[in-house]
Structure formats: C-alpha cells, structure tokens
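Asker: How does the following fold in three dimensions:
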Amino acid sequence: MSAAGAKPRILHLHSTFDAGGKEVRCVRLINALSREAEHAIVSSDYEKRGAAKLLDRKANVSWPPFPSLNGKPWPRRLAKLAAAMQNYDLICTYNWGAMDAVLAHTLFADAFNLPPLIHHEDGFNEDEADGLKASRNFYRRIALGRTSALVVPSRTLETVALRAWHQPRSRVRRIPNGIATMDYAGKPKRDLLPGLVKRKGELWAGTLAGLRKVKNLPAMVRAFAGLPEEWQLVIAGEGPERGAIEEEARRLGIEDRVHLPGFTDAASLAPLFDIFVLSSQSEQFPISVLEAMAAGVPVAAPAVGDVSGMVAKENLPFIVAPEDEAALGAAMVALAADPVLRTKVGMANRAKAREEYEEAKMVERYKALYWSVMEQRAG
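Answerer: Below you'll find the model as predicted:
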C-alpha cells in the first residue's frame, strides 16, 4: 500500500475508453471511490475516450503516458509494459485488449516488484461472437497465472472462466453490474436532444450502444421497420457502424424515422423510450438493459448472456432467440400494439432493478475486493 495515510493509487488499463459497458462501470466506480483512492487511466487509443465525459470533476484522475497495449508479445515489449506498472498499489486490466499487460505482470511481477493485478472480463467483440478462439483461451490461461482475481459480471462468463480458461474457483469473482436506479426516475425532457424532440403522440423505440458490429444494429433497423408510422427509432452512441446503420435505414425507406444523436446521458434519455431494444450478437450483463429497466421501460432483446435472468418475469416473452430478426421484430410489434402491456412490463422491470441491481451494492463488492487484495500485499 502507499505510505501510511496516503490514498492508494489504482491504475486502470483499457484498450479504448469509449462509453461502453465496462468503461461506464469503471467511471462509476472511480466516481464512487474518488475520496478514497487516486486513479490513473490508460486508453491505448487516445482518440477514443468518450467515457471520460462521465467522470466526476472531483475525482482524482490522471492520464499517464504508457506503452501501447497493442503489439506482439515479445519479452522486451512485455518488460516495458511491466516497468510502467510500477509505483501503483493495484493494477486493474479490462478485457482482451489489455491481456498483454496481464501477461507482462505474470512474467515480470517479481523482477519489478509489481503490485497485485485484478483482471476484468465483460464479454467479446465480433471476432469471438460466434465462438471462443482456442488460441486466445490458451493465451488467457497463461497470462492470468499471477492475477489476484478475475472479475466477471455474468454467470455465462463465470462458466467460461472456469471451464475454458481453467481458472481456479478461488480466483473467479462474479459481481453483477449495478446502476444508481433513482437517477432514471425523473420526468423526461422531450427536447433533450439537439435537433430531435419527442412530439406529442410520438413513440420511441431506442437503444444505448456503441455503434460496433457486435451490436448488430442494422438488424435492429430491419426489425423496427414493421412498427407503425408514429414510432421512431433512436440509436444513441458513437462508433464505426454509423454509416452501415444509416444505409440500412435508407434502403428500407425509413431514414426519416431512424435517429442517431450520438453519445447521450443514459439517465436522461432512457425514460424517453417506450420500448428498449437490444440486437447484439454477444453480451454478458449489459448495463444498458439495467438502465432501461430502472427507467420503467420494457425490453425486446435476444437471449444473449444473462439477459433472460436480468429482466422481470413479465418481460420474458419479449426475450427471443439470438440473431432471430423476425422474432425480435415480432416482440417489438407486440409491445408497440399494447400500451397497457408496456406499462405493466416496464413497472415490473423497474421494481426488479431497484431490488437487485442498485449501484451501492456493486460498489461495496468491488471496494471490498480491491482493498482486500491491496491489504494482503501490504501485510
């Protein structure tokens, strides 16, 4: 630990820091622990740091120079990564994009007297959406050899960690995601978005997502196309798939009903949705679903990751087979046709979110883990 009375210093290593699920959760933890620790954040792609907008101004955060997390795992490069991890009290790494740093820690922890490392896995991109790669499974088994803990948010990932990555049960910690549910209870502002106002009589299906291939957002546009004219589709987020989404809307002749406002505060936007839609090929424990639930919104989504277990039982008829666009569209149409049903399902989701997914519970579990690992080293 740092000198007596000093705040511990925690280093967070991300391949990117755009506003995705893991980054938003990291920001929430940093904000919640801002009085108790100093935080250094690394984004291997410094052009992608959208989640930084969510950091509390009072949080003690720095952005130190750091060797690239991308490259071949040659010993000299790994040694440079390890050297850059010195002089912290805890290293937190996130997803496959930081796995070289995890391996560097395992190989050089003793040589550089490195602090303990906790790795966080939240899911997979499109390159593993259809199945895990054997080479990456093997790499993870080796790289994770000296980690103090491996944190996952879902039962699905817990099983992967134990069976595919051969991690000992004592190392794997499942901590479900949580949010400040009451932040989503306010009355929504219809003119929240520049250039886009929710007009009287207008209804919105929407999502909160990074615009990446794994989110399968053109499929969402196709599923939405069957909804009546008064419905609009709002896809809030940033990413490389914007052009593909816009092109699909134009092809279907519904470009005037499909809106991409960019990154928007979820707590303000989610209550404007009448239906929340997920179309991802791969998810684990998506925070966006929790945000919709806390806002009292019904969810139409594929049964990926833990989604079926997250939503209220009243919402289960609208959780469909993965990558079944017709079924997703049918779920959206059924919800769109019945406002009473939407209210019933939304209220059940809100009650479950408040009971099971409150942010304070998540923060306490992470804090207990982080501090116990740091104290073990100090002892």
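
Asker: does the nearest residue to Val299 once chain neighbours are set aside count as helix, strand or coil?
Answerer: Distance criterion CB to CB, 6 or more residues apart in numbering; nearest residue to Val299, sequence neighbours excluded, is Phe276 at 4.9 Å. From N, CA and C alone the C-beta is placed, and that goes for glycine too. Judged by DSSP: H, G, I helix; E, B strand; the rest coil, the three-state class of Phe276 is strand.

Asker: again with Ser280
Answerer: Assignment for Ser280 (three-state DSSP): coil.

Asker: residues contacting it?
Answerer: Residues near Ser280 by CB atoms under 8 Å, 6 or more residues apart in numbering: 209, 214-216, 286, 301-302, 304.

Asker: let's go with 10 Å and repeat that
Answerer: The contact partners of Ser280, taken as CB atoms under 10 Å, 6 or more residues apart in numbering, are 123, 126, 129, 207, 209, 212, 214-217, 219-220, 286, 288, 301-302, 304-305, 307, 322-323.

Asker: so where is the stretch 251-379 of the chain shaky, pLDDT-wise?
Answerer: 379 (pLDDT under 70).

Asker: Strands of that one, start to end?
Answerer: 258-259, 275-277, 299-302, 319-320 (DSSP state E, counting those that start in this stretch).

Asker: elements contacting the third one?
Answerer: By that I understand strand 299-302. strand 203-208, helix 217-224, strand 275-277, helix 287-294, helix 307-310, strand 319-320, helix 325-336, helix 339-356 (3 or more CB pairs under 10 Å, 6 or more residues apart in numbering; DSSP states H and E).

Asker: hmm, 7 Å instead?
Answerer: strand 275-277, helix 287-294, helix 325-336 (3 or more CB pairs under 7 Å, 6 or more residues apart in numbering; DSSP states H and E).

Asker: list the buried ones in stretch 64-84?
Answerer: Neighbour-count burial for stretch 64-84 flags 66-67, 69, 78-82, 84 (criterion: 16 or more other CB atoms under 10 Å).

Asker: Going toward the C-terminus from the helix or strand hosting Lys80, what's the next helix or strand?
Answerer: Using DSSP states H and E, the element containing Lys80 is helix 75-84. For helix 75-84, the following helix or strand on the C-terminal side (DSSP H and E) is strand 90-94.

Asker: got the angle for that following strand vs helix 75-84?
Answerer: 130 degrees (axes from the mean of the first three to the mean of the last three CA atoms, to 10 degrees).

Asker: which residues does the closest residue to Asp274 other than its chain neighbours contact?
Answerer: Distances taken as CB to CB, 6+ apart place Leu203 nearest to Asp274, at 4.6 Å, with adjacent residues excluded. The neighbourhood of Leu203, defined by CB atoms under 7 Å, 6 or more residues apart in numbering, consists of 230-231, 274.

Asker: Leu103 falls within a helix, correct?
Answerer: Yes - under three-state DSSP, Leu103 falls within a helix.

Asker: thought it was touching Ala143?
Answerer: Yes - judged on CB atoms under 7 Å, Leu103 makes contact with Ala143 at a distance of 3.9 Å.

Asker: which one of the two has more residues nearby?
Answerer: Ala143 (24 against 21; other CB atoms under 10 Å).

Asker: which element is the more buried one on?
Answerer: helix 134-143.

Asker: What angle do strand 90-94 and that helix make with each other?
Answerer: 170 degrees.

Asker: same for helix 134-143, what does it pack against?
Answerer: helix 99-108.

Asker: Return the distance of the helix it packs on from the chain's centre.
Answerer: 23 Å (CA atoms, centre = their mean, to the nearest Å).
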